[in-house]
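Participant: have a look at this prediction, sequence included:
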Amino acid sequence: MQVRSVAPVFLGVSIAFACSAVSGGSSQLDRGSAGAGNGISSGGSAGSGPGNGSAGTETVLMLGSAGSGAASASGGAGSLDSDAACATTSADGQPVPVDLFFMVDITGSMNCKVPLDDTPCIDDPGFNHYPSNRWSAVSTALKAFIADPSNSGLGVGIQFFPSRQQSCAAATYTTPAVEIGTLPATSMMLTDAIDAQRPSGSTPTVPSLDGALQHANAWATAHPTHRVAVVYATDGDPKECGANNTIANAAILAGAALAATPSIPTYVLGVGPSLTNLNQIATAGSKQMTPAFLVDATANAAADLAKALAAIRTSAALGCTYSVPPAPAGETFQPGLVRVEYTDSKGNVKTVLQDPPQTDCAQGQGWQYSADKTQINLCGPQCEAVKADPGGKLQVLFGCATLVAEPR
């Protein structure tokens, strides 16, 4: 099968459907055992144990712990090996489009000097008072991110805070300065919007984050096949807009958005001398409990911000997510009859074990379903291995009894 070459934003996946049921027989787990220490199989045979299944039954085989080498996967007279009849029809899966909505701080403190000297920057020194300032660092990094060819295909939209009118109203921030669109088609509009900003004013953290999350939710609802996240870029703590404008309340908003349907994660990008409070928002709003990406206001701020944006793109916001296409006519998708295989660029094939129930994907070793079982997410080191090997191929076998690692 021809394997697509894709940009780092997306990962290719080929899907194989089973047209026959799994039945009995001693078998092997895809050319090897389940004993590799990272939740995938390699090496010798799988051993034996109970394992019958049919196209109408959700059969799940529990294996030994991912590092133990123990496995069971046999029954009557058939084979669970992917070379056998358990996968006879194939279809290409679609990469999950990823959209990032940026809410960016243009408060007066963004005019503070970079790097800082012995004089603390408390009040707004005025736009361009310092040739090198926080805003110049953030805007340079954002424009470089937008222009980066590796981000081609990524959806990006942007808004800024505070608004010059009704700055404390969340509704003010639900309308983007530039709507989410696919790079590089929207690059010029995004760059022009960034260049037009003149930082001033206070910090409406709660209203601006609330507005960003509302817009991201509306966008995700209108684009249900997309994965949407908010990137909140700021240089400090809330200021003005009443007693409810606090870090704690912003964290509550981020957590609620993450738990909602559709789920909207929040990733925090901070630049300044003292930003640890922002971790509360980041950990509440991140699927992987990711702390804020904090950048000290040093001479290397622009370069450090660029690295942080790349980390958000490749590690935090994107992950390793694959759409599950519908079964062919006459077939029924059974969540318990799914096998995931990964073939690296050298042709080595490994069976990836499903993580046990309730496993945090950040701490997982294999793969998990999305809540609605329309997507497959690779977790932990398995995700990193796939991203590091763009020549590899992931294959999902339907009709093969699911292999689940025992809890660690």
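Facilitator: Thanks, I have it. Numbering: from 1, shown residues only.
Participant: list of residues touching stretch 187-196?
Facilitator: Here stretch 187-196 makes contact (Cβ atoms under 8 Å, 6 or more residues apart in numbering) with 104, 139, 142-143, 146-147, 156, 158, 160, 177-178, 181. Backbone N, C-alpha and C define where each C-beta goes, glycine included.
Participant: what mean pLDDT does that stretch get?
Facilitator: Averaged across stretch 187-196, pLDDT comes to 98.
Participant: give me the buried positions along that stretch.
Facilitator: 187, 189-191, 193-194 (16 or more other Cβ atoms under 10 Å).
Participant: closest one to residue 173 out of these, please.
Facilitator: Nearest to residue 173 among these is residue 193, at 14.2 Å by Cβ to Cβ.
Participant: re the thing from before, show me the buried residues of stretch 187-196 that map onto helices.
Facilitator: Using DSSP state H, the members of the buried residues of stretch 187-196 that fall in helices are 187, 189-191, 193-194.
Participant: need the nearest residue in space to residue 242, chain neighbours excluded.
Facilitator: Once flanking residues are discounted, residue 242 sits nearest to residue 168: 6.9 Å by Cβ to Cβ, 6 or more residues apart in numbering.
Participant: now the element after the longest helix along the chain, going C-ward?
Facilitator: Looking across the chain with DSSP H, the single longest helix is helix 205-222. Proceeding N to C from helix 205-222, the next assigned helix or strand is strand 227-234, under DSSP states H and E.
Participant: which of the contacts of stretch 187-196 count as buried?
Facilitator: 104, 139, 142, 146, 156, 158, 160, 177-178, 181.
Participant: touching, residue 312 and residue 268? I think so.
Facilitator: No. Contact criterion Cβ atoms under 8 Å: residue 312 and residue 268 do not qualify, at 9.4 Å.
Participant: more crowded one of these two?
Facilitator: The neighbour comparison of residue 312 against residue 268 (other Cβ atoms under 10 Å) goes to residue 268, with 29 against 20.
Participant: give the bridge partners for that one, please.
Facilitator: In this entry, residue 268 is beta-bridged to residue 232, by DSSP bridges.
Participant: can you offset everything so residue one is 20?
Facilitator: In the new count, where the first residue is 20, that last one comes out as residue 287.
Participant: give me the pLDDT value at it.
Facilitator: Model confidence at residue 287, given as pLDDT, is 91.
Participant: coming back round to it: the contacts of stretch 206-215 in helices, which ones?
Facilitator: Short answer: the contacts of stretch 206-215 in helices (DSSP H) are 158, 161-162, 165-166.
Participant: quick check, nearest of those to residue 291?
Facilitator: residue 158 (15.1 Å).
Participant: surely the closest one is in contact with residue 252?
Facilitator: No. Using Cβ under 8 Å, residue 158 is not in contact with residue 252, being 10.3 Å away.
Participant: tell me the SS of residue 422?
Facilitator: strand (DSSP: H, G, I helix; E, B strand; the rest coil).
Participant: and it, how many neighbours?
Facilitator: 29.
Participant: I'd assumed residue 372 was in contact with it.
Facilitator: Yes. Counting by Cβ under 8 Å, residue 372 is a contact partner of residue 422 at 5.2 Å.
Participant: torsion angles phi and psi at residue 365?
Facilitator: phi -100, psi 0 (degrees, to the nearest 10).
Participant: okay, it and residue 186: tell me how far apart.
Facilitator: 56 Å (Cβ to Cβ, to the nearest Å).
Participant: among these two, which residue is more densely surrounded?
Facilitator: Between residue 365 and residue 186, counting by other Cβ under 10 Å, residue 186 is the more crowded of the two (19 against 8).
Participant: how far away is the more buried one from residue 258?
Facilitator: Taken as Cβ to Cβ, the span from residue 186 to residue 258 is 11 Å.
Participant: the domain parsing of the protein - what is it?
Facilitator: 20-112+343-427, 117-339 (automatic domain parsing).
Participant: those domains: lowest mean pLDDT?
Facilitator: domain 20-112+343-427 (a mean of 59).
Participant: list the helices and strands the longest helix of the chain packs on?
Facilitator: Here helix 224-241 touches strand 117-124, strand 174-180, strand 246-253, helix 266-278, going by 3 or more Cβ pairs under 8 Å, 6 or more residues apart in numbering; DSSP states H and E.
Participant: so which of the ones you listed comes closest to residue 302?
Facilitator: Closest to residue 302 of these, according to Cβ to Cβ: helix 266-278, at 7.8 Å.
Participant: could you tell me the angle between the closest one and strand 246-253?
Facilitator: 170 degrees (axes from the mean of the first three to the mean of the last three Cα atoms, to 10 degrees).
Participant: against residue 128, how distant is residue 256?
Facilitator: 10 Å.
Participant: coming back round to it: what sits in contact with each of residue 331 and residue 287?
Facilitator: Here residue 331 and residue 287 share the contacting residues 250, 312, scored by Cβ under 8 Å, 6+ apart.
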